[in-house]
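In: One predicted model, sequence on top.
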Amino acid sequence: MTLDNFVGVIATVQQRIREHGALLRSSETRTRMALIDPLLTALGWDVADPVLVTPEYNVNGKFADYALLEGGTVCVFLEAKKLDEPLSKHRSQIVSYASELGIQFPALTNGNDWEVYDNSKLVPIEERRVLNLSILDTPAHRCALQLLLLWRPNISSGIPVAAGEPLVSPHSTSVTQTPQQETTSFPAHPPVGEPEAGWCRLSSFVGNIDDSVPVAIRFPHGETRDIQSWGYIVRHTVSWLFAHALLPEKNVPVSSNDKRFIVNTEPVHPTGRPFQQRAAVAGTPYVIDSHVGRKAVVGNAQKLLLHCGVSPDDVWLQVAP
């Protein structure tokens, strides 16, 4: 699996939490199937492979929900809880399970929150924690970097490297990393210096009167969406940013100027004037005003990306032939 695909799995998990949270909070089994199993499999721990994963692993009459194995040796004990169940009351339990069998890495998750501990550190439990992640509160690309700590080749090495800058190409078949400082930038796609015919960067697209509506928009990691009209450039941008936890409600509304909002939770501009052409953004709690010119559409999409820390250089438009 490439890093791009892994980010896609994380985005799917984030969406499931948002859309089906009530169901998942009612059942540990549902949480495991919908949230935990897909992430473990993406990290190289195929939950259907008994050589790699043993569910309900017996530890002296007690049971760990998952044992992750390499070469017949347990690398990680993972305790699973239903969505949003507090992990604090279970830490001592899983750390104790791991200590009894000399397992270095005990871990806990409720599908959203993930914690990993290093039992080789002879310090209090809190100081052993090497991963503390909330998937819903973290952009998908940052989640991917942090969860690489549990990537199977990383853990199996016995000396896993903490999250670092991924070294992948858009067409790579595996993930590698170096222990460098985490990066928040996205790899450009198409590759820098080798743009595909018919594609141009959003940052250089103007939206002149003679320009036709672009055919598609491509976001970092290669996710591509069709464009039906000019307003879809902003609509898709809002949707993508929200899906990757880059545009949470606390950061909305976003203004284009002192009289207009680009996106809001209510169809009202800062002046109190209602949106002239309200358009709900599917899968989000947001609405946009589609009654803007094509240049303003392009400019608004660029402003949204910059507002969320994403370079418009990393977003591409496929222009009509």
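Out: Cool, the structure landed. Numbering: from 1, shown residues only.
In: Okay, buried residues for stretch 145-157 please.
Out: 145-152, 154-156 (16 or more other Cβ atoms under 10 Å). Using the backbone N, CA and C atoms, a C-beta is placed for each residue, glycine as well.
In: pLDDT of that stretch, averaged?
Out: What stretch 145-157 shows for mean pLDDT is 84.
In: what about the residue nearest the centre of the chain, distance to T41?
Out: Nearest to the mean C-alpha position of the chain, by Cα atoms, centre = their mean, lies A140 at 1.6 Å. Separation of A140 from T41 (Cβ to Cβ, to the nearest Å) stands at 17 Å.
In: now E56
Out: 18 Å.
In: before we move on, what about L68?
Out: For L68, the distance to T41 equals 11 Å [Cβ to Cβ].
In: higher neighbour count, those two?
Out: Under the neighbour definition other Cβ atoms under 10 Å, L68 and T41 were set side by side, and L68 has more, 26 against 17.
In: So the more buried one, which state does it fall into?
Out: strand (DSSP: H, G, I helix; E, B strand; the rest coil).
In: Quick check: beta-bridge partners of it?
Out: L68 has these beta-bridge partners by DSSP bridges: V53, V76.
In: before we move on, what about R129?
Out: On the basis of DSSP bridges, R129 is bridged to Y117.
In: residue contacts, S27?
Out: For S27, the contact set (Cβ atoms under 8 Å, 6 or more residues apart in numbering) comprises K82.
In: Report pLDDT for it.
Out: Here the pLDDT value assigned to S27 is 94.
In: Then F261?
Out: Per the predicted model, pLDDT is 94 at F261.
In: Just give the nearest non-adjacent residue to it, would you?
Out: Using Cβ to Cβ, 6 or more residues apart in numbering and skipping residues adjacent in sequence, the residue nearest F261 is P253, 4.3 Å away.
In: any idea how far V310 is from that neighbour?
Out: Look at P253 and V310: by Cβ to Cβ, they are 18 Å apart.
In: These two: who's more crowded?
Out: Set P253 next to V310 and count neighbours by other Cβ under 10 Å: V310 wins out with 25 against 17.
In: name the element the more buried one belongs to?
Out: Taking DSSP states H and E as the definition, one finds V310 inside no helix or strand.
In: Surely it is in contact with L246?
Out: Yes: at 6.7 Å, V310 and L246 qualify as touching, with contact defined as Cβ atoms under 8 Å.
In: what pLDDT does Q181 get?
Out: The model reports Q181 with a pLDDT of 31.
In: Just the buried positions in stretch 199-212, please.
Out: Within stretch 199-212, the residues that count as buried by 16+ other Cβ under 10 Å are 199, 201-202, 205, 207, 211.
In: Which parts of the protein are helices?
Out: 3-25, 28-31, 37-42, 91-100, 125-128, 140-147, 152-156, 231-243, 294-307 (DSSP state H).
In: Is it possible to get these out as a markdown table so that each row also shows distance to C75?
Out: Converted to a markdown table, these look like this (distance: least, Cβ to Cβ, whole Å):
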| stretch | distance to C75 |
| --- | --- |
| helix 3-25 | 19 |
| helix 28-31 | 22 |
| helix 37-42 | 12 |
| helix 91-100 | 10 |
| helix 125-128 | 16 |
| helix 140-147 | 15 |
| helix 152-156 | 5 |
| helix 231-243 | 31 |
| helix 294-307 | 39 |
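In: Among the ones you listed, which comes closest to L83?
Out: When the helices of the chain are compared by Cβ to Cβ, helix 3-25 sits nearest L83, at 4.0 Å.
In: which other residues reach that closest one?
Out: Contact with helix 3-25 is made by 1, 30-31, 34-35, 38-39, 42-43, 82-84, 111-112, 135-136, 140-141, 143-144, 147, 166, 168, 170, 172, 175, 221-223, 243-245, 283, as judged by Cβ under 8 Å, 6+ apart.
In: if I pick the residue nearest to the centre of the chain, what's in contact with it?
Out: Counted by Cβ under 8 Å, 6+ apart, A140 has contacts 7, 10-11, 14, 243-245.
In: What is the nearest of those to P50?
Out: Distances from P50 to the contacts of A140, taken by Cβ to Cβ, are shortest for I10, at 25.7 Å.
In: So what's the residue count around the closest one?
Out: I10: 25 neighbours (other Cβ under 10 Å).
In: do you know how far it is from Q228?
Out: From I10 across to Q228, the span is 28 Å (Cβ to Cβ).
In: again, but for Q14
Out: 25 Å.
In: When those two are compared, which one has more neighbours?
Out: Neighbour comparison, Q14 and Q228: the larger count goes to Q14, with 23 against 9 (by other Cβ under 10 Å).
In: And the pLDDT at that one?
Out: For Q14, pLDDT reads 93.
In: do the same with I233
Out: Taking I233 on its own, its pLDDT is 94.
In: what's it in contact with, if anything?
Out: 214, 217, 227, 297-298, 301, 317.
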